[in-house]
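J.: output the structure for:
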Amino acid sequence: VHVSRDGGKNWSNVTPPSNMMPEWIQINSIDASPHDPGTAYVAATMYKWDDNKPYLYRTSDYGKTWKKITTGIPDTAFTRVIREDPNKRGLLYAGTETGMYVSFDNGEHWQSMQLNLPIVPITDLAIQKREKELVVATQGRSFWILDDLPVLHEMMDAGGFSAASETKLYKPKESYRMPGGGFPLGPTATLGRNPPNGVVVYYSLKAKPTADVDLEFLDSAGKSIRKFTARVRRAGEGAAPGQAPAGPPPGEGGGFGGGGAPPPVPTEVGLNRFVWDTRYPDAVRFPGMILWAGETRGPKLPPGSYQVKLTAEGKTYTQSFEIKSDPRVTTTAAEYAKQLELGLKIRDKLSETHNAIIQIRDVRKQVEDLLKRVAGQPNFKVVNDAGTALNKKLTTIEETLYQTKNQSNQDPLNFPIRLNNKLAALGGVVGSAEAAPTAQSYAVYDEVVAQIDAELQKLGQLMRTDVPAFNQLVRDQNIPAVVVKPAGANP
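T.: Numbering: from 1, shown residues only. Take a look at the predicted model:
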């Protein structure tokens with residue numbers, strides 16, 4: 001090991017003494033500390049001499065003295081590379097023949113940090129300082145990236161991995177508002193997984209919770225944006241009631257109708273990870289709904305400052321985080337605000353429309369059930385004619401709002417989309433770019449919403465007049481509450 005302190009004009013041999021470092025050892029990597037000019041770290045190997053022990057060294061005086069720093073690394077895992085985190089002094093990463101190790105105390109002690117890495121030689125390490133990410137090069141198993149180094153930084157301040165044994169909410173790393181993101185991969189997939197699109201929240205739980213656990217996201221003023229809850233099943237209870245609206249599985253999809261169940265809040269003892277897609281709550285959905293290129297997810301948050309709040313076992317923990325804009329775009333805060341405003345209006349009108357469809361189906365089913373129950377009773381025809389007419393009016397409104405012939409994702413190719421799908425598709429267009437809505441988007445919104453409002457007004461009139469009139473008719477015809485059929489009659 002040689003060092004130059006004059007730009008390479010003169011070099012001094014500062015190799016550790018032979019009683020510390022074997023004479024014919026191979027120096028694999030030298031890492032000059034980004035925090036102190038006199039500190040450096042050396043990783044060396046002797047496996048070519050059938051010696052598989054780790055050899056790591058540290059100097060803090062330009063190589064005048066050295067210390068061997070291998071405590072915690074097995075004698076069978078020879079070391080290929082060592083790096084110091086440029087954002088956290090004394091936080092070291094080591095790549096060995098069998099995997100990854102981390103030290104929270106400048107190399108005095110090492111712990112395995114294998115996580116989901118395969119057992120593989122680690123040939124090199126690099127830290128992206130700005131994004132706080134660790135890039136791992138392996139021998140034959142591709143490149144791997146650990147995205148969330150700030151969690152390790154906090155753990156180091158709290159004593160290392162033992163910090164995960166206490167209930168704690170870690171400060172989320174700043175994220176970028178960008179399209180795309182992760183998608184599910186099968187167990188045999190041979191391609192890399194993209195980082196998640198959104199804010200990644202890490203928190204640890206000291207024990208299995210005995211009460212509901214909440215994760216709530218708020219704006220900088222403390223106004224709630226979205227809340228996720230892990231419900232704890234109590235003795236004697238069945239499965240906790242689901243929060244998911246009817247729809248497809250969670251994810252970034254949406255070709256036929258984006259949206260779906262919210263992600264579950266994990267409640268494992270130790271470290272937990274939750275990914276929020278930085279969207280407002282979704283529009284209401286209804287069972288069996290099929291859309292073509294319709295967006296039912298809530299609009300994305302604009303760049304800015306936000307908060308996350310963890311509530312567990314009666315205690316609340318809060319951290320702030322930042323959402324940044326894509327550095328390649330020049331969208332202003334005012335333009336983001338316009339996009340959010342129209343996106344929320346579209347979502348709310350979609351919810352109003354879908355709630356109306358749910359109401360239509362509920363009323364129609366009640367009428368159908370009544371007509372089936374009283375079939376054959378005196379004056380049945382009067383009630384049946386009135387109920388059939390009422391249901392026909394309800395169905396006409398529903399079929400204007402939604403394409404009821406859709407039974408599969410491909411059916412919209414055969415049957416024209418209706419008003420709710422047009423509005424949902426507009427929501428996808430408005431949210432598809434990092435820009436304010438176009439004049440055309442506003443024009444389409446006004447046109448579609450006017451047609452929807454006309455149908456909702458018809459529905460409101462039916463609920464105020466036709467439904468009460470039908471109820472009065474049923475009472476006037478003295479329809480029995482309980483119909484007793486002759487013994488032996490078909491049920």
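J.: can you get me a residue count around the nearest residue to Gly72 once chain neighbours are set aside?
T.: The shortest distance from Gly72 to any residue other than its chain neighbours is 3.5 Å, reached at Trp110 (CB to CB, 6 or more residues apart in numbering). For glycine as for every other residue, the C-beta is placed from the backbone atoms N, C-alpha and C. Other residues within reach of Trp110, judged by other CB atoms under 10 Å, total 25.
J.: so Trp110 versus Gly95, what's the distance?
T.: As defined by CB to CB, to the nearest Å, Trp110 lies at a distance of 12 Å from Gly95.
J.: anything in contact with each of the two?
T.: Listed as contacting both Trp110 and Gly95 by CB atoms under 8 Å, 6 or more residues apart in numbering are Tyr101.
J.: coming back round to it: got the contact list for the residue nearest to Gly72?
T.: 69-73, 94, 101-103.
J.: so where does Leu371 fall, helix or strand?
T.: Element membership of Leu371, judged by DSSP states H and E, is helix 333-373.
J.: which one in this protein is furthest away from the centre?
T.: Distance from the C-alpha centroid of the chain, by CA atoms, centre = their mean, peaks at Pro378 (58.8 Å).
J.: where does that residue sit: helix, strand or coil?
T.: Using DSSP: H, G, I helix; E, B strand; the rest coil, the structure places Pro378 in coil.
J.: what's the answer for the one 3 residues further on, then?
T.: In the three-state summary, Lys381 is assigned as helix, counting by three-state DSSP.
J.: where in this structure is pLDDT low?
T.: Scanning the chain with the threshold set as pLDDT under 70 gives 181-183, 235-260, 488-491.
J.: quick one, helices of it?
T.: Using DSSP state H, the helices found in the chain span residues 149-157, 333-373, 380-401, 419-430, 439-461, 467-476.
J.: what's near enough to touch Pro327?
T.: For Pro327, the contacting residues are Tyr176, by CB under 8 Å, 6+ apart.
J.: end to end, how far does stretch 63-71 reach?
T.: The stretch stretch 63-71 measures 21 Å between its terminal residues, going by CA to CA, to the nearest Å.
J.: give me the contact list for that stretch.
T.: Stretch 63-71 is contacted by residues 1, 3, 12, 14, 16-17, 20-21, 40, 42, 53-59, 79, 103, 106-110 when judged by CB under 8 Å, 6+ apart.
J.: and these, which are buried?
T.: Among the contacts of stretch 63-71, those that count as buried by neighbour count (16 or more other CB atoms under 10 Å) are 1, 3, 14, 16, 21, 40, 42, 53-59, 79, 103, 106-107, 110.
J.: longest strand in this structure, by number of residues?
T.: Longest strand in the chain by number of residues (criterion: DSSP state E): strand 315-325.
J.: chain center to that strand: distance?
T.: Centroid displacement of strand 315-325 relative to its chain, using CA atoms, centre = their mean, to the nearest Å, is 15 Å.
J.: stretch 411-418 too?
T.: For stretch 411-418, the distance to the chain centre is 31 Å (CA atoms, centre = their mean).
J.: what residues sit buried inside that stretch?
T.: Neighbour count says stretch 411-418 has 412, 417-418 buried, by 16+ other CB under 10 Å.
J.: and if you look at stretch 61-70?
T.: Residues of stretch 61-70 classed as buried: 63, 66, 69-70 (neighbour count, 16+ other CB under 10 Å).
J.: ok, now stretch 294-310?
T.: Neighbour-count burial for stretch 294-310 flags 294-303, 306-310 (criterion: 16+ other CB under 10 Å).
J.: now Ser103: how far from Lys168?
T.: Taken as CB to CB, the span from Ser103 to Lys168 is 21 Å.
J.: which residue packs closest to the residue positioned nearest the centre of the chain, ignoring adjacent ones?
T.: Among the residues of the chain, the one closest to the centroid is Val275, at 3.0 Å (CA atoms, centre = their mean). In space, Val275 comes closest to Pro196 once its chain neighbours are excluded; the distance is 4.4 Å by CB to CB, 6+ apart.
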